[in-house]
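Visitor: how would this look folded up:
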Amino acid sequence: MVLAFTACDRVDYLTTTLESWQKTNLKLVTSVQFFVEPTEKTKAIRAVIDAFAADCPVPVITHINPEKYGVLRNPWELFSNLFDKQLATFVILGEDDFIVSPDTLDFLEFGRKNAQPKTLAVCCKNMGESANDDPSTFAYTTNFDGNIWGTWANTWRDYLKDTWDFDYSSGKADGSSAGWDWNIALRVMPKNDLCCLVPTASRSYHIGVKGVHCTEEEYTLTTTTNFV
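Guide: Numbering: from 1, shown residues only. From the prediction side, this is the model:
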């Protein structure tokens, strides 16, 4: 099980995000890897990663992208590197703007080992009506939530690698409500009769009101009391 992050230029967000991950059971993963976009803040981002690595119990590897891939392509490049080149069997997609609970990796490891067939991903956020405060229960849903999730090598090869949305073409004609996460939820999952394993008490929430992955309305939803 590999934990991997996409990161760009939000130094403060990444610092706070990694502080939350330091409280998790990092010994459950074989490595932590970062796929960093090249910007004027790359040096500062690397300093944050190096500080995290100093206290991390497993190897930390930093990849600086040869070009700026953007929010749609960078996650695909991350999965492709880890699954197709490094031959990882399960990869968790972390990002630089989500806080996680201390038992996040325990939950993901449970899902990795115990998910029923036709499960596309183990997701850390429950945005549905079944969400509550009980950290001991989970459910299967036909919805996909990209607020920290993990998937398997065979799922990547069979369902995700060749169907990824790189240009918002999965949404409406004006480009709204689109992207790789929407494509997974609205096309890939129903077409292949797939589900996701989710906790009833969420293990992640958004770090700030505004950002690539967040609107003010979504932020309100991601900081409800069902976070462990």
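
Visitor: Contacts for stretch 154-162, please.
Guide: The contact list for stretch 154-162 (CB atoms under 8 Å, 6 or more residues apart in numbering) reads 76, 79-80, 83-84, 91, 120-121, 151, 184, 188, 192, 194. C-beta here means a position set from N, CA and C on the backbone, and glycine is covered the same way.

Visitor: which residue ranges form the helices in the chain?
Guide: 11-21, 42-54, 70-79, 104-114, 153-155, 180-183, 189-192, 216-222 (DSSP state H).

Visitor: May I see those arranged in JSON lines, with mean pLDDT and mean neighbour count as well?
Guide: Shown next, in JSON lines, are those (pLDDT from 0 to 100; neighbours: other CB atoms under 10 Å):
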{"stretch": "helix 11-21", "mean pLDDT": "91", "mean neighbour count": "19"}
{"stretch": "helix 42-54", "mean pLDDT": "97", "mean neighbour count": "16"}
{"stretch": "helix 70-79", "mean pLDDT": "94", "mean neighbour count": "18"}
{"stretch": "helix 104-114", "mean pLDDT": "95", "mean neighbour count": "20"}
{"stretch": "helix 153-155", "mean pLDDT": "97", "mean neighbour count": "16"}
{"stretch": "helix 180-183", "mean pLDDT": "88", "mean neighbour count": "20"}
{"stretch": "helix 189-192", "mean pLDDT": "96", "mean neighbour count": "14"}
{"stretch": "helix 216-222", "mean pLDDT": "55", "mean neighbour count": "14"}
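
Visitor: Tabulate these in a markdown table, adding columns for distance to residue 4.
Guide: Converted to a markdown table, the helices of the chain look like this (distance: least, CB to CB, whole Å):
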| stretch | distance to residue 4 |
| --- | --- |
| helix 11-21 | 12 |
| helix 42-54 | 12 |
| helix 70-79 | 5 |
| helix 104-114 | 12 |
| helix 153-155 | 13 |
| helix 180-183 | 15 |
| helix 189-192 | 22 |
| helix 216-222 | 21 |
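
Visitor: For residue 145, which of these is the nearest?
Guide: Nearest to residue 145, of all the helices of the chain, is helix 180-183, at 7.9 Å by CB to CB.

Visitor: just checking, what packs against that closest one?
Guide: Identification of packing neighbours for helix 180-183 by 3 or more CB pairs under 8 Å, 6 or more residues apart in numbering; DSSP states H and E yields helix 70-79.

Visitor: helices and strands around the helix it packs on, which ones?
Guide: Packed next to helix 70-79, using 3+ CB pairs under 8 Å, 6+ apart, are strand 2-7, strand 31-36, strand 90-95, helix 180-183.
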